[in-house]
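**Q** Need the 3D shape of this:
(one chain, ligands or ions: 1)
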Amino acid sequence: MDEKTINLETAVIHKGYKSSLHHDSLATPLYQTSTFSFATAEEGEDRFAGTCEGNIYSRLGNPTVRVLEERMSEIEYGEGALAFGSGMASVSAILIHLTKAGDHVLCSRGIYGCTFGLLEMMEEKYGITHNLVAMTTEQEIEQALRPETVCIYVETPINPTMEIVDLEAVCAVAARRGLRVVVDNTFSSPYLQNPLQIGADFVLHSATKYLNGHGDVVGGILVGKDAEEMQRIRMSVQKDVGGIMSPFDAWLLLRGMKTLHVRMDRHISNTKKVLEFLKQEPLVKKIYYPFDEDHPQVEIAKRQMRDGGGLISFEIEGGKKEAQAFMNALSLIKIAVSLGDAETLIQHPASMTHAVVPQKSREAMGITESLMRLSVGLEHIDDLTADLAEAFKTVKAKLQKA
Ligand SMILES: *Cc1c(COP(=O)(O)O)cnc(C)c1O
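**A** Just a heads-up that it's a prediction; the model follows:
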């Protein structure tokens, strides 16, 4: 079989692993080791010089982690991937790689809170500036560029309002201006969106979320289009800053990722049923889902995503008190940040993930006091809607009393 053309469903199970090289073990073995021994001093010298293949020390590469990296590179259509100890370690690695003092990073209007925190720190310490802009047209992007802009850093869909960034427009502008494009693809997973195919240079994931899918690993992955550049990042930022993934976490991820496509299909079908349920509930004021026909950017979403994903946000009548009463009335659905797990999770962005954003900016982003975000899990849909219905009943009673 032509290895280059295997489908995601096959790649997540097979790519990057040859059992004949590992005592015929069907499952990828866990190489839980910090270092590797050389047969001779000369062999050690050759490995350090790069003139002979082989492992040296687990911060520079580990066989279990390598399988994961090859698999991820394949399913994101890259030419190389690096695994990190968290999503944030991959974000910081690529930003350190691409910028130097005085540079500017143009960001989508919403970015993950800790990515924002990192950019603020880089500005304060190293004079690397950034700003956040809506990216719905090429003109909007062009106008926000500065002479010192070196890269465009994008998240789409944007948490928690599911605003979509037009990746084609971003990549077209970047190509004209010679800028690098980085996309945080955590929300879509490689099953639904492949930014490298649209023209981005780097795609990264918090592997903590859909890639692992079981809520028991914190990890990150960076995939790039240029094998030589990825190797340079491995032997510079990754090696010297050191935010590597442990072999055990890579092993768990390899196991979790085997079912990525199966899980995503159920996440999506459950979410669409939750969408229909929320639509007929009178207490719901607003719904945010990329493939909802009422989403203002549904056409862009459908151009760049295969389906709408497993996250849905909604606003109810009332304010923070009602939202909190709603969440407290749930029994099956767990109150937690993070996403992409088998368990359905709900969080309140205004007091949790976006609490550090000043209220004015929060409101401008559409994050009201009664907005909640659901990461729809893999449970039976009837049990989920029954839990939601119970919570709506509680809020109704509360609103009537007031
Ligand atoms: C969770 C998340 C991150 C950070 O990943 P960690 O694994 O928690 O470090 C970055 N971006 C997005 C969109 C996320 O959801």
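**Q** what about the closest residue to the ligand within the chain, how many neighbours?
**A** Across the chain, the shortest distance to the ligand (C-beta to the nearest ligand atom) belongs to residue 87, at 2.2 Å. No exception for glycine: its C-beta is placed from N, CA and C like everyone else's. For residue 87, the tally of surrounding residues (other C-beta atoms under 10 Å) stands at 25.
**Q** Hmm, it is touching residue 205, no?
**A** Yes - the criterion here is C-beta atoms under 8 Å, and residue 87 meets it with residue 205 at 6.7 Å.
**Q** list the residues that contact both of the two?
**A** 184, 186, 220 (C-beta atoms under 8 Å, 6 or more residues apart in numbering).
**Q** can you list those in a markdown table and add neighbour count, distance to residue 381 and secondary structure?
**A** A markdown table is the format used below for the shared contacts of residue 87 and residue 205 (neighbours: other C-beta atoms under 10 Å; distance: C-beta to C-beta, whole Å; DSSP: H, G, I helix; E, B strand; the rest coil):
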| residue | neighbour count | distance to residue 381 | secondary structure |
| --- | --- | --- | --- |
| 184 | 26 | 29 | strand |
| 186 | 23 | 24 | coil |
| 220 | 26 | 31 | strand |
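**Q** Quick check: which of those residues are also close to the ligand?
**A** 184, 186, 220 (C-beta under 6 Å from any ligand atom).
**Q** if we can go back for a sec, could you export the shared contacts of residue 87 and residue 205 to TSV, including columns for pLDDT?
**A** Below are the shared contacts of residue 87 and residue 205 laid out as TSV (pLDDT from 0 to 100):
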residue	pLDDT
184	98
186	98
220	98
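**Q** ok, those residues vs residue 240, which is closest?
**A** Distances from residue 240 to those, taken as C-beta to C-beta, are shortest for residue 220 (17.0 Å).
**Q** Pull the contacting residues for that closest one.
**A** 83-91, 204-208, 243, 245.
**Q** Just grab the bridge partners of it for me.
**A** With DSSP bridges applied, residue 220 shows beta-bridge pairing to residue 84, residue 206.
**Q** Get me the contact residues on the chain for the ligand.
**A** 86-88, 112, 155, 159, 184, 186-187, 206, 208-209, 218, 220.
**Q** count of residues packed around residue 260?
**A** 23.
**Q** Apologies, that question was intended for residue 242.
**A** Residue 242: 12 neighbours (other C-beta under 10 Å).
**Q** State the helix or strand in which residue 346 lies.
**A** strand 345-347 (DSSP states H and E).
**Q** Downstream of that strand, the next helix or strand is which one?
**A** helix 359-364.
**Q** How about that next one, which residues are buried there?
**A** residue 362 (16 or more other C-beta atoms under 10 Å).
**Q** quick one: strands adjacent to the very next helix or strand once past that helix?
**A** Next along the chain after helix 359-364, taking DSSP H and E as the criterion, comes strand 371-375. According to DSSP bridges, strand 371-375 forms sheet pairs with strand 311-316 (antiparallel), strand 345-347 (antiparallel).
**Q** what does strand 371-375 contact?
**A** Contacts of strand 371-375 (C-beta under 8 Å, 6+ apart): 159-161, 271, 274, 286, 310-316, 323, 326-327, 333, 338-341, 344-350, 353.
**Q** Can you select the buried ones from the residues you listed in PyMOL?
**A** In PyMOL syntax, the buried subset of these is picked out as below (16+ other C-beta under 10 Å):
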select buried, resi 159+160+161+271+274+310+311+312+313+314+315+316+323+326+327+333+338+339+340+341+344+345+346+347+348+349+350+353
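**Q** Show me the shaky parts of the protein.
**A** The model of the chain has pLDDT under 70 over residues 1-5.
**Q** ok, and the closest non-adjacent residue to the spatially most central residue of it?
**A** Taking C-alpha atoms, centre = their mean, the centroid of the chain lies closest to residue 186, which sits 1.4 Å from it. The shortest distance from residue 186 to any non-neighbouring residue, by C-beta to C-beta, 6 or more residues apart in numbering, is to residue 206 (4.5 Å).
**Q** Could you count how many residues lie near residue 115?
**A** 20.
**Q** and what of residue 150?
**A** Residue 150 has 17 nearby residues by other C-beta under 10 Å.
**Q** I figured it hits residue 180, correct?
**A** Yes - in this structure, residue 150 is within contact of residue 180 by C-beta under 8 Å, at 6.7 Å.
**Q** Next, show the common contact partners of these two.
**A** Taking C-beta under 8 Å, 6+ apart as the contact rule, residue 150 and residue 180 both touch residue 98.
**Q** Would you mind measuring from residue 101 to residue 121?
**A** The gap separating residue 101 from residue 121 is 13 Å, by C-beta to C-beta, to the nearest Å.
**Q** scratch that, residue 41
**A** Distance from residue 41 to residue 121, by C-beta to C-beta: 43 Å.
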